[in-house]
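Visitor: Structure of the sequence below:
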Amino acid sequence: MRWLLVLLGCLVAPAAQAQGFVSHDLTGFVDPIRVAIGSNAAVQATPLDLNLTCASCKGSPSVEIQVGRSTDGTEKRVRSGETSLAKLESLCIKQNPDCRLSALPVSPAVGWITVYALANGGGSTAVILRDGDLLTIQARADNPGHAKDSVLALTQNVVPKIVGP
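Guide: Down below sits the predicted model:
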């Protein structure tokens, strides 16, 4: 009986580890996020939500990062090509005519980034999906370019540590 439990444990553990992101707790990323955005940034973090503001940083960004789940099939449709990035961009343009969307290099995950104008500046949102896990990074800043810069800094410096190899 004991060997059966050990065997089941060996079969279940690798399957669980192969799913989704390697980290689901944003509290361990406060310092790397500050390095990416600005050392003067004020950060509040819970395991699934992190908020950052930095009035003295370039563009005065306000950033929210969230870890969640996506079970609506979007990831599968994007990976298969059924839903193209052009189609996603057209949906974004319906919400905001200034919206522009492009792919994000976040392999083995799949992701995209949008950039758009807002009444008092600009915004940018990254969506990253892997095996049903969802990471969303949303930034607002004094203009769309600065918002995108904040999202890209996090995508390059922090996202690989969350997504994993």
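Visitor: got a pLDDT number for V163?
Guide: As predicted, V163 sits at a pLDDT of 95.
Visitor: Phi and psi next, for it.
Guide: V163 adopts backbone torsions of phi -70, psi -50, taken as degrees, to the nearest 10.
Visitor: I'd say it and A109 touch.
Guide: Yes: using CB atoms under 8 Å, V163 is in contact with A109, at 4.7 Å. Quick note: C-beta positions are derived from backbone N, CA and C, even for glycine.
Visitor: what residues are shared contacts of those two?
Guide: Counting by CB atoms under 8 Å, 6 or more residues apart in numbering, the residues touching both V163 and A109 are 21, 128, 130, 135.
Visitor: hmm, which of those are the buried ones?
Guide: Buried subset of those (neighbour count, 16 or more other CB atoms under 10 Å): 21, 128, 130, 135.
Visitor: Give the closest residue to the second one in space, chain neighbours not counted.
Guide: What sits nearest to I128 in space, not counting adjacent residues and going by CB to CB, 6 or more residues apart in numbering, is G111, at 3.8 Å.
Visitor: Which residue ranges of this structure form helices?
Guide: Assigned by DSSP state H, the helices in the chain fall at 2-17, 30-37, 74-80, 85-95, 144-157, 159-163.
Visitor: Please identify the most buried of the ones you listed.
Guide: Of the helices of the chain, the one with the most neighbours on average (mean count of other CB atoms under 10 Å) is helix 144-157, at a mean of 21.
Visitor: what about the protein, any weak spots by pLDDT?
Guide: 1-18 (pLDDT under 70).
Visitor: Next, the contact list for the residue nearest to A109 when sequence neighbours are not counted, please.
Guide: Nearest non-adjacent residue to A109, counting by CB to CB, 6+ apart: R130, 3.8 Å away. Contacts of R130 were listed using CB under 8 Å, 6+ apart, and they are 20-21, 75, 108-110, 163.
Visitor: cool, and I137?
Guide: Applying CB under 8 Å, 6+ apart, the residues near I137 are 63-65, 125-126, 128, 151, 154-155, 159.
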